[in-house]
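1. Predicted model and sequence below, questions to follow.
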Amino acid sequence: TTFEFQLNGRAITWQGDPFQRLTNLLRNQLGLTGTKSGCDAGDCGACTVLMDGRQVCACIVPAAQAHGTEIVTVEGLSTDAKPNGLQRAFLHHGAAQCGICTPGMLMAATELLSRSPRPSETEVEKAIGGVLCRCTGYRQIVHAIVGAHKFAYAPDPGHAEGPSVGTRMQRVDGEAKVSGHELFGADTAPENALWLRPVRSPYARAKFSFGDLKAFRAANPSLTAILTAADVPGKNGFGINPHIKDQPAFAEGHVRFRGETVLALVGTREAVDAIDFNALPIKWVAEVSVSGFTEAAREGAARVHETHPDNELVQGGLNKGDIEAGFAAAAVAVEGALKTAFVEHAYIEPEAGFAQRIGDRIEITACTQSPYMDRDDCASILGIAPEAVRIIPSACGGRFGGKLDLSVQPLLAV
């Protein structure tokens, strides 16, 4: 199918799959990685672009719907390669923190400012309501959009001349984030790279076994390799704790959580995407899962790891004095039953990267906040010296401790 549209002011004629996501067309075919792909479900808004002046989530728009429209992405906001007023406002207010949501925020704000150049906070909050931010708490973003009109002509009205105490400083990586040129884990890979597609457990707890993987690969000659735990040359285990490395890179006959990797398909992107997971020779035997602390602590509960009796990972002690005396001497005592929600590190950026051999060394580029911990664990998994592994962090879209642990790094390394 051939379709035509305007993209950031230039005419585009494209021939390809009309049903692919608009994000895929923009990012993978046209190289505009400023539009981020977070959820692929229209939930996070990181992929927001303007289509005929209105914000849309590009991940839920079929590419064919671009036909005859005018599309603007974050790369189209800058003028003469310099940030526009809204982008300068984001820089001034520090509105771009990790930066993964920033392109979507800028596009949603651009739509609002096109019809309301001096919006109220309420208008701003409504306009950016479809774009989630993990880092900032939104206040600096709202301030930047409300005050964007002040930056339409002046580069930075609040910036003092020269360094001085109390001067607001611009982030050194701020301009790359607001322009869409910052490269996160999924934004770059070497030319002609192979693609790795993990196959993950559909069960929270199960045993599994493989059938004839060699025959399967022979029946799918477009695949370059099928990786399993048998391909791990070193210790098949990692973890943040320096003395506990009990999470396998590839599960070995038993999975402990839904989504645990059991094997990986390697080949061209077209080859690995074409594989039907249901056709893989994997036999599953589902087991009763253990969910939550209370279940895990029950007598007779299934062990998550055989090496940890009673599902107890560590013990800790707490020294306390005379509680009653403390209450008696207090000016006031307050009692109550308090309950709060559990919040996971739900960063928007997907974990991604690539690996390549450079001389005698494996170099792994990935989104991480702990390159030296990654290096040591990957070296152990590969069975080589730490000096033979180099970790190159990409821009990291959200973390707060959630990207301390390994994710794709050992799979890529193997």
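-> Yep, it's here.
2. can you give me the helices for the chain?
-> Here the chain has its helices, by DSSP state H, at 22-24, 85-93, 102-115, 121-127, 139-146, 174-179, 213-219, 269-273, 292-297, 323-329, 371-382, 409-413.
3. Quick check: pLDDT value at residue 64.
-> We have a pLDDT of 94 for residue 64.
4. now the closest residue to it other than its chain neighbours: how far from residue 3?
-> Nearest residue to residue 64, sequence neighbours excluded (CB to CB, 6 or more residues apart in numbering): residue 18, at 3.4 Å. The way it works is simple: take the backbone N, C-alpha and C, and place the C-beta from them, glycine included. Per CB to CB, to the nearest Å, residue 18 is found 7 Å from residue 3.
5. Next: residue 72.
-> On the measure of CB to CB, residue 72 and residue 3 end up 17 Å apart.
6. from memory residue 277 sits against residue 198, does it?
-> No. At 10.5 Å, residue 277 does not count as touching residue 198 under the criterion of CB atoms under 8 Å.
7. Compare the two and say which is more crowded by neighbours.
-> residue 198 (16 against 11; other CB atoms under 10 Å).
8. Do I have it right that the more buried one meets residue 264?
-> Yes. Under the criterion of CB under 8 Å, residue 198 makes contact with residue 264 at 5.0 Å.
9. Spell out which residues are contacts of both of these two.
-> In terms of CB atoms under 8 Å, 6 or more residues apart in numbering, residue 198 and residue 264 are both contacted by the residues residue 411.
10. separation between residue 94 and residue 43?
-> Distance from residue 94 to residue 43, by CB to CB: 26 Å.
11. neighbour-wise, which of these two wins?
-> Neighbour count, other CB under 10 Å: between residue 94 and residue 43, residue 94 has more, with 17 against 14.
12. mind checking how far the more buried one is from residue 36?
-> From residue 94 to residue 36 the distance is 19 Å (CB to CB).
13. ok, residue 60 - contacts?
-> Applying CB under 8 Å, 6+ apart, the residues near residue 60 are 21, 41-42.
14. one more time with 6 Å
-> Residues counted as contacts of residue 60 (CB atoms under 6 Å, 6 or more residues apart in numbering) are residue 42.
15. show me where pLDDT drops low in the stretch 151-300 of the chain?
-> 154-163 (pLDDT under 70).
16. any chance you could map the strands in it?
-> 195-200, 206-210, 223-227, 254-255, 261-267, 282-286 (DSSP state E, counting those that start in this stretch).
17. Of all those strands, which one is nearest residue 366?
-> Closest to residue 366 of those is strand 195-200 (CB to CB; 11.9 Å).
18. How about residues contacting stretch 303-312?
-> 246, 256, 296.
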